[in-house]
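Trainee: After the sequence you'll find the predicted model.
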Amino acid sequence: MHPLLTDQPGEKLLLLGNEAIARGAIEAGVGLAAAYPGTPSSEIANTLFQISRETDLCFEFSVNEKVAMEVAAAGAAAGVRTLTCMKHVGLNVAADALMTLAYIGIKAGMVIVTADDPSMHSSQNEQDNRFYARLSGLPMLEPANPQEAKEMTVFAFELSERLELPVILRTTTRTSHVRAPVTLGPLPETTRTKGHFEKEPGRFVPVPAVARARHQVLLQRGKEAQVMADGSRFNQRIGQGSLGIITSGVAVNYVLDALEALEIQDRVEVLKLGFTHPWPVGLLSEFLKSVETVLVVEELEPYLEEAARVVAQERGIKVDILGKASGHLPRLYEFNPAQIREVIAEVAGIEHHPPQRPDLSWLPELPPRPPSLCPGCPHRETYLIIKDVLKDLGEEAIYPTDIGCYTLGLLPPIQMADYLICMGSSVGSACGFSATTDQRIISFIGDSTLFHAGLSPLVNAVYNRHRFTLVVLDNETTAMTGHQPTPSQEIMPPGYEHPRVSIEEICRAAGVKKVVTINPYQKKEAREKVKKALEGRDLSVIVSRAPCILYARKFGISKAKS
Ligand code: SF4
């Protein structure tokens, strides 16, 4: 039995924040979950996927986050509690669905988990998704640790049902990936996995007249949510003093630890916020009135700092607000405990002698270890074949690339990655280069990424007569995020049989005339085929198919499988 199905309330399990969210969803009786994998959110989906194989929970890896959001939304409209989870940039993909979903709302609870990545440990930007809560008008919760992550997930379903709105649960990498003891709650006796959709076109079909009315409903629900935020048990005042600290998320831990280390708990009052959208205006106002100076400690953007300034200005509260605008804290990257300790000591005006860092200058410099493709990775072979063929042709190319292991094609000795914005951009940007240059263009995309966001721009390329070669690096899995399944995969985890969607047939059906398939380990044959595909400058697709070495090993399959 999966450990997260342990039915012993009160027992403690050592869980990752992401596992705690999955457990919270199970305790809340989630009946359907849908996701596209993306670090730092991946373990939520992976865990629910595993659990779905032992329970009635319906789980799907959708082809992208927007589809996952739509799947979860429809399930919740039919009366089943649903969850979708994604990394922060995934919410950009799902944003089109999100914004109108906020208008039409849901019937059963729906939770949207977005995992932000301060410092960009595995991401292309460090956007602060708390602003999606403001943009969409949806309630948002921010856990500070795994226990809260579980409790807030359970509460998020209840809140969602009370307001008939999806609720955003926003984590960051540290909260998602820290492991801590979590006290289990009871599991539901039954979980509703089948519902019934009651037709309500005056609500669920947002033609302009309907949408106008629903926007009013959303604003009204926002007011109700604000009252709830003010009284929420997740928003707490801790301690007493003339110096106030407002904080949320993982920074809560750094603040509380710093106060203890500096021994100033009796001089500082902390406003720890977990229900952060709508702003708990009443609570903020009382807090600001009760202190002389406030330091706002939050990672990334000054979201709460702005709330504090707005509330102080609107209510005529005279208080010094310090944080990012005052230069005490940066808008960049993750915080760390030592940094927060020093800032609090400075603001509190106490002498602080940070522990001396040990002198390590005598140590020899470590050789740099840039990330690289695994030894024997099939992508490496594909790159080398294309490089060789281009050399023979005496040509150079622009290489738009995409999100996946092959982004590492950027680095020497391969150096075949010139342009990247987001999922699917290798195909869309190739269209742009084709329209504006006479250069040869060879784009790279993975199988999972093609299904996620590469098919629409491919149709665009056909329709607008763009001329480039798209290389689909089909390694039979979503390798980068931990080997989740993809629609074209042939090697399937036992018990996970599903229809196979052919990349070649889709490309041909879209109108691509030249589609070739190579096995990059069969070099001679592959070179001939690549040469043919590069003849002329028409739109062509090369499907380079060989399993990810790490994935193939799990199933005992030779890398040279054809
Ligand atoms: S995980 Fe797989 S696809 Fe990614 S670099 Fe390693 S072998 Fe290649």
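Mentor: Cool, got the structure.

Trainee: residues touching the residue of the stretch 151-300 of the chain found nearest the ligand, list them.
Mentor: Going by C-beta to the nearest ligand atom, the ligand is nearest to H177 of the stretch 151-300 of the chain, at 19.2 Å. In short, each C-beta sits where N, CA and C put it, glycine included. By C-beta atoms under 8 Å, 6 or more residues apart in numbering, the contact set of H177 is L16, G17, N18, P40, E43.

Trainee: Check the gap between the fourth one and G10 for me.
Mentor: Which is P40. Remark: distance between P40 and G10 (C-beta to C-beta, to the nearest Å) = 29 Å.

Trainee: one step back: please convert the contacts of H177 to TSV, extending it with distance to the ligand and neighbour count.
Mentor: What follows is the contacts of H177, written out as TSV (distance: C-beta to the nearest ligand atom, whole Å; neighbours: other C-beta atoms under 10 Å):
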residue	distance to the ligand	neighbour count
L16	21	20
G17	24	30
N18	20	27
P40	18	24
E43	17	24
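
Trainee: would you turn these into JSON lines with secondary structure and pLDDT?
Mentor: Shown next, in JSON lines, are the contacts of H177 (DSSP: H, G, I helix; E, B strand; the rest coil; pLDDT from 0 to 100):
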{"residue": "L16", "secondary structure": "strand", "pLDDT": "97"}
{"residue": "G17", "secondary structure": "helix", "pLDDT": "98"}
{"residue": "N18", "secondary structure": "helix", "pLDDT": "98"}
{"residue": "P40", "secondary structure": "coil", "pLDDT": "96"}
{"residue": "E43", "secondary structure": "helix", "pLDDT": "97"}
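
Trainee: Max pairwise distance over the residues you listed: which two?
Mentor: The distance between the two most remote of the contacts of H177 (C-beta to C-beta) is 10.0 Å, for L16 and P40.

Trainee: what residues are shared contacts of those two?
Mentor: Joint contacts of L16 and P40 (C-beta under 8 Å, 6+ apart) are S176, H177.

Trainee: what's the pLDDT at the residue of the stretch 201-350 of the chain found nearest the ligand?
Mentor: Nearest to the ligand, among the residues of the stretch 201-350 of the chain, is E334, at 25.2 Å (C-beta to the nearest ligand atom). Note for E334: predicted pLDDT of 97.

Trainee: what does G495 give?
Mentor: So G495 comes in at 71 (pLDDT).

Trainee: Which of the three states applies to the residue of the stretch 51-200 of the chain found nearest the ligand?
Mentor: Per C-beta to the nearest ligand atom, S122 is where the stretch 51-200 of the chain lies closest to the ligand, at 13.0 Å. Taken by DSSP: H, G, I helix; E, B strand; the rest coil, the conformation at S122 corresponds to coil.

Trainee: Skip the chain neighbours and tell me the closest residue to it.
Mentor: T39 (4.3 Å; C-beta to C-beta, 6 or more residues apart in numbering).

Trainee: T175 versus that neighbour, what's the distance?
Mentor: Applying C-beta to C-beta to T39 and T175 gives a distance of 14 Å.

Trainee: Of these two, which one has the most company?
Mentor: Applying other C-beta atoms under 10 Å to T39 and T175 shows that T175 carries more neighbours, namely 28 against 18.

Trainee: State the helix or strand in which the more buried one lies.
Mentor: Assigning secondary structure by DSSP states H and E places T175 in helix 173-177.

Trainee: Then S544?
Mentor: Here S544 is assigned to strand 540-545, by DSSP H and E.

Trainee: tell me what that strand is packed against?
Mentor: With contacts taken as 3 or more C-beta pairs under 8 Å, 6 or more residues apart in numbering; DSSP states H and E, strand 540-545 sits against helix 378-393, strand 469-474, helix 503-510, strand 514-518, helix 523-534.

Trainee: Of those, flag the one that's most buried.
Mentor: Mean neighbours per residue, mean count of other C-beta atoms under 10 Å, is largest over the helices and strands packed on strand 540-545 for strand 469-474, with a mean of 26.

Trainee: What helices and strands are in contact with that one?
Mentor: helix 378-393, helix 425-436, strand 440-446, helix 447-449, strand 540-545.

Trainee: In CSV: the ones you listed, plus mean pLDDT.
Mentor: Shown next, in CSV, are the helices and strands packed on strand 469-474 (pLDDT from 0 to 100):
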stretch, mean pLDDT
helix 378-393, 96
helix 425-436, 95
strand 440-446, 98
helix 447-449, 97
strand 540-545, 98
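
Trainee: Among those, single out whichever gets nearest to L304.
Mentor: Across the helices and strands packed on strand 469-474 (criterion: C-beta to C-beta), the nearest stretch is helix 425-436, sitting at 32.7 Å.

Trainee: outside of that closest one, which residues touch it?
Mentor: Against helix 425-436 from outside (C-beta under 8 Å, 6+ apart): 398, 400-402, 419-421, 439, 441, 443-445, 449-450, 453-454, 457-458, 460-461, 464, 466-468, 470.

Trainee: Give me the domain ranges for the protein.
Mentor: Per the TED database, the structural domains of the chain span 3-231, 235-348, 378-555.

Trainee: so which of those is the most packed in?
Mentor: When those are compared using mean count of other C-beta under 10 Å, domain 3-231 is most buried, at a mean of 21.

Trainee: Can you give me the end-to-end span of that domain?
Mentor: 34 Å (C-alpha to C-alpha, to the nearest Å).

Trainee: Now do the contacts for S62.
Mentor: A34, A35, Y36, A68, V71.

Trainee: In three-state terms, how would the first one be classified?
Mentor: Right, A34. strand.

Trainee: change the start of the numbering to 43 and stick with it
Mentor: Sure, I'll start numbering at 43, so the last one becomes A76.

Trainee: Provide a list of residues in contact with it.
Mentor: Contacts of A76 by C-beta under 8 Å, 6+ apart are F101, E102, F103, S104, V109, A110, M111, V113, A114, G117, T124, T126.

Trainee: How about it: which residues does it bridge to?
Mentor: E102, T126 (DSSP bridges).

Trainee: can you list the residues of the stretch 443-592 of the chain near the ligand?
Mentor: Residues of the stretch 443-592 of the chain lying close to the ligand by C-beta under 6 Å from any ligand atom are C447, N517, A521, C590, I591, L592.

Trainee: and of the residues you listed, the nearest to A191?
Mentor: A521 (26.9 Å).

Trainee: Next up, phi/psi of the nearest residue to that closest one once chain neighbours are set aside, please.
Mentor: Closest residue to A521 apart from its sequence neighbours, by C-beta to C-beta, 6+ apart: C590 at 4.3 Å. Backbone torsions of C590, given as degrees, to the nearest 10, read phi -50, psi 130.

Trainee: again with R507
Mentor: Here R507 shows phi and psi, under degrees, to the nearest 10, equal to phi 60, psi 40.

Trainee: From the ligand, how far out is it?
Mentor: Between R507 and the ligand the distance is 33 Å, computed by C-beta to the nearest ligand atom, to the nearest Å.

Trainee: And that residue, what's its pLDDT?
Mentor: 96.

Trainee: The one 5 residues further on too?
Mentor: Among the per-residue scores, L512 holds a pLDDT of 98.

Trainee: and it, bridged to which residues?
Mentor: S485, V583.
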